[in-house]
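*Asks:* Fold the following for me, if possible:
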Amino acid sequence: MPNQPFEYHPEAIIEAHQAFHWYADRSEQAADRFWNELIRARELVADRPQGWTPYFHGTRVFQFRKYPYGLVYVERPEKIIGLAVCHFRRRPGYWRDRLEDPLE
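*Replies:* Residues are numbered from 1 along each chain as shown. Next comes the predicted model:
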């Protein structure tokens, strides 16, 4: 189903903002590119949720092109839930408890 509704887990929103601010402290351009990559990830995942790499615990991940980050998501019948905006070199699978009740 193309363009399924997409919703971020509250913790994923926090992670996205933290990463953005980390890049912004170093380079406004890098931060803007990071944010644009996140927007691109959401759009492409919503359009083709099955098109991205299977990941841990029944999720999938969209890897950012020039950043060590990815958008980890799970597809539910009614919507896609962005569980984490994760850094690939830090604590793999730390977000797995978000699968139990993804939007709490």
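
*Asks:* can you list contacts of stretch 11-22?
*Replies:* Residues outside stretch 11-22 that contact it (C-beta atoms under 8 Å, 6 or more residues apart in numbering) are 8, 31, 34-35, 38, 67, 69, 71-72, 82-87, 95, 98. Any C-beta I mention is one placed from the backbone N, CA and C, and that applies to glycine too.

*Asks:* run the last query once more with 7 Å
*Replies:* 31, 34-35, 38, 69, 82-86, 98 (C-beta atoms under 7 Å, 6 or more residues apart in numbering).

*Asks:* what does stretch 30-46 give?
*Replies:* 3-4, 6, 16, 19-20, 23-24, 52, 62, 64-65, 67, 71, 73, 80, 82, 85.

*Asks:* between the contacts of stretch 11-22, which is closest to Arg48?
*Replies:* Gly82 (14.8 Å; C-beta to C-beta).

*Asks:* With His9 as the reference, measure out to the closest residue to Pro5 other than its chain neighbours.
*Replies:* The shortest distance from Pro5 to any non-neighbouring residue, by C-beta to C-beta, 6 or more residues apart in numbering, is to Lys79 (4.1 Å). Lys79 sits 12 Å away from His9, taking C-beta to C-beta, to the nearest Å as the criterion.

*Asks:* between those two, who's got more neighbours?
*Replies:* More crowded of Lys79 and His9, by other C-beta atoms under 10 Å: His9, with 23 against 15.

*Asks:* now Tyr67, nearest residue through space, not along the chain?
*Replies:* Counting by C-beta to C-beta, 6+ apart, the residue nearest Tyr67 is Phe34, at 5.7 Å.

*Asks:* Just the element for that neighbour, please.
*Replies:* helix 28-47 (DSSP states H and E).

*Asks:* next SSE after that helix?
*Replies:* Scanning forward in sequence from helix 28-47 by DSSP H and E, the next helix or strand is strand 53-54.

*Asks:* what lines up beside that next one in the sheet?
*Replies:* strand 60-63 (antiparallel) (DSSP bridges).

*Asks:* Could you tell me which residues make contact with Gln4?
*Replies:* With C-beta under 7 Å, 6+ apart, Gln4 has these contacts: 46, 49, 79-80.

*Asks:* Tabulate those residues (CSV), appending distance to Gly58 and pLDDT.
*Replies:* Shown next, in CSV, are the contacts of Gln4 (distance: C-beta to C-beta, whole Å; pLDDT from 0 to 100):
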residue, distance to Gly58, pLDDT
Ala46, 19, 95
Pro49, 13, 95
Lys79, 16, 93
Ile80, 13, 96
